[in-house]
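*Asks:* sharing a sequence plus its predicted fold:
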Amino acid sequence: MQLFPCPFCGPRDETEFHYGGDAGNVRPDGAEVPIDRWAGYLYLRGNPKGTAREIWVHMSCGEFFVMERDTVTHKVLSSSALGGEHAP
Amino acid sequence: MTASRLASGGSAIDRSRPIRFSFDGATVQGFAGDTIASALLANDVAVVGRSFKYHRPRGIWGAGVEEPNALVDVSGNRATPNTRATTEPAREGLVAKSVNATPNALADRNAFLDRFARFIPAAFYYKTFMWPDWHIFEPRIRAMAGLGKVDAGWTASGPADQINHHCDVLVVGAGPAGLAAARLAAGASLSVTLVDDQQTPGGSLGHRAGEIDGRPASVWVEETIAALAAGGHLVLPWTTAFGIYDHSLIGLNQRHFDGRPDTLWRVRPRRIVLATGAIERPLPFASNDLPGILSADAALSYLRRHAVLAGRRIVVATNNDSAYEVAEAVAEAGAEVTLVDIRRDGMPATSSKVRLIKGRTPAAARGKLRVEGVTLDDGARLDADCVLVSGGWTPTIHLFCQARGKLAWSEARAAFVPGDAVDGIAVAGAAAGAVSLSDVFAGAEQAVASLSETKAAALRSTGPEATDGIEAAWPRPGSKGRIWIDYQNDVTVKDVELAARENFVSVEHLKRYTTLGMATDQGKTSNLPGLALMAGITGRTVPEVGTTTYRPPFTPVPLSSFAGARAGALMAPVRRLPLERAHRQSGAVFQEYGGWLRPAHYGGAGADADRAIADEARRARQSVALFDGSTLGKIEVIGPKAAEFVDFLYYNTMSTLKPGRCRYGFMLSENGVVFDDGVLVRLDEHRFVVSCSSSHVAAVHARLEEWRQDRFGRGAVYIHNATSEMATLTVSGPNARKLLETLDLDLSLDEADLPHMAIGHGSYAGDEVRIARVSFTGDRSYEISIRADRAEPLWAHLRGAGKAFDAVVIGLEALMILRAEKGFIVIGKDTDGTTLPHDLGSEGPRAKRQTEFVGRRSLYTEEASRGDRLQLVGLAVPQGEAPLPTGAHGIKRSDGRLRSQGFVTSSYESPTLGRPVALGLIERGASRHGETIEIQHLGKLRSATIAAPCAFDPAGDRLHA
């Protein structure tokens, strides 16, 4: 059972979290987005071996955040609240 | 074998407390402190079980968790199938039965199978039972397979406790290494948890010679445990660390013998010290599986702890030094002992009581139901009633490997030992390949030194030191006779050779092909000999062959430990209505719907239920119906960008909605598929209430939060799930307004003030109520929302006042009929994972919307624009016919073949219309109204006519009636 550090609540069991997708998978807006671009946004995932930047949500507090972790060793490298203008 | 209990001695047993239990129907005498195995041995019970495949007689091999043979089904207050007799304490009144034997272990009626052994080698099932069909043979083979029997009638006394625990250091194993590590860690001011699977700590110190800091080992063990207890550290006996999981979570199963179920511990220590010891291996010789052939170390343990001498004429066979202490001890206890050592030189000295034969290897054991002697490789025949063997020691590195530790091959130990260190985990003692107590203590000191700067006083071994000197004796290819590698699964040298011949040379393939290392013991005694043999056959080294993957659990763990309290009503707790008590008083029959326990209807079971549902649905159309709609989602969206936010979340434009008004709309997923539908209420400029499907509230809420945080920002909107704060009572039907007028709700019900799709604010008995004129029945409806804890008087009032109108209380089943008559859909029932909004007839936003919304781009793909998409339709069948089966397919014939062109999604008998109504998703359905198609279900064909989804009051007059 992995321990994930919620930036708001601290380390908690992985069962309290849901995966929210690759970090940086920016949504392209518009009805005319090229179909390949849209398909990429919807379905194409990096599935990296090693370091991965991912969005997770801590279901207990409802907050989404960015977590960096190693998909091979399961070591958590960092976690931070969603950044930029939307930070709390 | 003539094993016996000695007149004195036995550190574990209490001779003042004799006990009796039953084994295979016979009474066995023992003492408190005995295991089932030690008591059976003391009573000279040689055959304790039958082997898995050949039904060979099998006796006790070991004295611990590695036991492959002595499995018993135990009943009583701790019913356990396939438990190891070597680890199960004997208790007064306990009933044990041997496994895989009928009627008992000694006289097993399937013993004849052994005579056919040459015809049933590894994998014979796969080759033999292929033709004509495996399923013909399967029932008989299944009946013969398996070991113990589960007592299906037995239930635990209650749920197992599950405990979460934290400490600085968790030490696994309370042998010399574990005790030393625990003592040193405690001395360095670290909090320590020490676990051991035995009743009493000490490990090998309980039966091997040793002196520590000038004191006898037993005294040192007691002092150490006392010091740990005094220091507030946790010591758990009877507790097995069965698995290491991610981020150093370690699972412990603690056994109890007082009727309580086992306890599961989830421990997150900062550091783990594995002091799990080592397991003795057998030696390979023909018929090495006969009862009376025991692990030498186990025999010493039975002698010292239980005062049981395993035989009178004993042959000890070894390839290492550790059996010498055993030979001397059993000779001292009165046995006639011959020690056969495969080595020619370099071994310890022996006393005059032991006859030593050097440089010879046992070639075969003799005997039928128990061993009668050994023949050596030079043809010499030794008579014996017991053979004690030591083929070397395999470090118990299971937990280390589960934690992704890599192993290193030690030529000196002839075994795998832990390789590179794993973060947070130290391995000490025999598990790390240490042999002498001095080495064990040095390892323990090293393990603790890496944890703390503070140094505790070092430990000194002041007595005799153990030595090893092993000369590997692996099974050899081409050996004569039947040489067992895996006792539990009946895998012999010939089976491994067969696997190699058929190219199953990878260890993982070897395991699956021959079953080597499977079942309850997971090959604790057999894995290493098996893969060493494969190395010999294929000309590789042992490390080149490698090991199979070690997975939890180390030993079997009762499922009740993992389940804990999550059983029965707590398995998946239901959500309950605030008015549940009132509904029960009205005779409601409850069912679970999407996690909520809701009234299905209000009368009877079976045919009565169908009548009650039909009656509710019919009467609802006649006058007025009352319905508890409290489960409907009520998620508030509040903030300066609330309108922009709901516009983005919904397929329909919502920002044009006027305060006080409601609008029906869809939420889509980004792939365009309809995710939820419902009514959005605009309370004021910056405040909306998302009313979503009852079973979808959590998912919709999560989705709103995701877009809020990811796209709009925390300052833009605030989202509050108010679903359970309010009860929602629905009044529906032609007389709905008249009924409401009898209540003083402090608001105008005039059509101008409260038209369809509008909300009004009133009060009831001093509490605010919100009344929404929305309808899921097609009739004039009012949804009254009130504080959940104040809903009961209002409900009672509505019911009382309703009597004058012949009001009917309806459950969810009747509501389903009413909505289906109107063609109103339920997401997930009338839609599936491919349904787009325009498939449901909602084309407008797709054609016209200019602003961005979730799922937008997906509505313009090639797939979304196909002409033959499945579209929502009604399906009419002639009066008098039964309703169409839900799930039945609309079919199409082309070139003489049948093809599905969609399916029935909802189907009911409408009591109001007097005929069935159905909804379905049918290819091009929207443009085929009036067309009759074939419907097939379970091979039967019927016909139905495609129609508009709405079968009742298509003009919608009743909304305003």
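*Replies:* Great, that's in hand.
*Asks:* torsion angles phi and psi at residue B:699?
*Replies:* The phi/psi pair for residue B:699 (degrees, to the nearest 10) reads phi -70, psi -40.
*Asks:* go on, residue B:504?
*Replies:* Torsion angles at residue B:504 (phi, psi; degrees, to the nearest 10) stand at phi -90, psi 70.
*Asks:* where does residue B:898 land in three-state SS?
*Replies:* Assigned with DSSP: H, G, I helix; E, B strand; the rest coil, residue B:898 falls in the strand class.
*Asks:* spell out which residues of chain A are next to chain B.
*Replies:* Chain A comes close to chain B at residues A:1-3, A:14, A:18, A:20, A:27-31, A:33, A:35, A:38, A:41-42, A:55, A:57, A:59, A:62-64, A:73-74, A:82, A:85-86, A:88, as judged by Cβ under 8 Å from any Cβ of the partner chain. Glycine gets a C-beta too; all of them are placed from N, C-alpha and C.
*Asks:* so in terms of bridging, what pairs with the closest residue to residue B:635 other than its chain neighbours?
*Replies:* Of all residues not flanking residue B:635 in the chain, residue B:690 sits nearest, at 4.3 Å (Cβ to Cβ, 6 or more residues apart in numbering or on different chains). For residue B:690, the beta-bridge partners are residue B:635, residue B:680 (DSSP bridges).
*Asks:* burial count for residue B:690?
*Replies:* Counted by other Cβ atoms under 10 Å in any protein chain shown, the residues lying close to residue B:690 total 26.
*Asks:* just the element for the residue of chain B most remote from its centre, please.
*Replies:* What lies farthest from the middle of chain B is residue B:752; by Cα atoms, centre = their mean that is 59.7 Å. Using DSSP states H and E, residue B:752 sits within no helix or strand.
*Asks:* if I pick the residue nearest to residue B:203 when sequence neighbours are not counted, what's in contact with it?
*Replies:* Spatial nearest neighbour of residue B:203, excluding adjacent residues (Cβ to Cβ, 6+ apart): residue B:175 at 2.2 Å. By Cβ atoms under 8 Å, 6 or more residues apart in numbering or on different chains, the contact set of residue B:175 is B:196, B:202-205, B:275, B:277, B:429-430.
*Asks:* coming back round to it: surely the residue nearest to residue B:635 and residue B:700 touch.
*Replies:* Yes: Residue B:690 lies in contact with residue B:700 (Cβ atoms under 8 Å); the separation is 6.6 Å.
*Asks:* picking up where we left off before, report pLDDT for the residue nearest to residue B:203.
*Replies:* In this model, residue B:175 is scored at 98, pLDDT.
*Asks:* listing request: residues of chain B with sub-threshold pLDDT.
*Replies:* Along chain B, the model assigns pLDDT under 70 to residues B:1.
*Asks:* quick check: residues of it near chain A?
*Replies:* Contact residues, chain B versus chain A (Cβ under 8 Å from any Cβ): B:245-247, B:249, B:266, B:268, B:404, B:670-671, B:702, B:705-706, B:709-714, B:852, B:856-858, B:860-861.
*Asks:* residue boundaries of the helices in the stretch 801-950 of chain B?
*Replies:* Using DSSP state H, counting those that start in this stretch, the helices found in the stretch 801-950 of chain B span residues B:812-821, B:844-848.
*Asks:* can you list the buried residues in the longest one?
*Replies:* Read it as helix B:812-821. Neighbour counts over helix B:812-821 (16 or more other Cβ atoms under 10 Å in any protein chain shown) mark B:812-821 as buried.
*Asks:* same check, this time on stretch B:237-257
*Replies:* Of all the residues in stretch B:237-257, those buried under the rule 16+ other Cβ under 10 Å are B:237-245, B:247-255.
*Asks:* shared neighbours of residue B:690 and residue B:700, anything?
*Replies:* Common neighbours of residue B:690 and residue B:700, using Cβ under 8 Å, 6+ apart, are B:633, B:635.
*Asks:* OK, contacts around residue B:934?
*Replies:* If you count contacts by Cβ under 8 Å, 6+ apart, residue B:934 has them with B:890-893, B:941-943.
*Asks:* all the helices of chain A, residue numbers only.
*Replies:* Taking DSSP state H, the helices of chain A run over residues A:35-43.
*Asks:* residue closest to the middle of it?
*Replies:* Central residue of chain A (Cα atoms, centre = their mean): residue A:55, 1.1 Å from the mean position.
*Asks:* chain B now?
*Replies:* The structure's chain B has its C-alpha centroid closest to residue B:562; by Cα atoms, centre = their mean the separation is 6.8 Å.
*Asks:* just say helix, strand or coil for the closest residue to that one other than its chain neighbours.
*Replies:* Nearest residue to residue B:562 in three dimensions, chain neighbours excluded: residue B:264, at 6.6 Å (Cβ to Cβ, 6+ apart). Here residue B:264 is recorded as strand under three-state DSSP.
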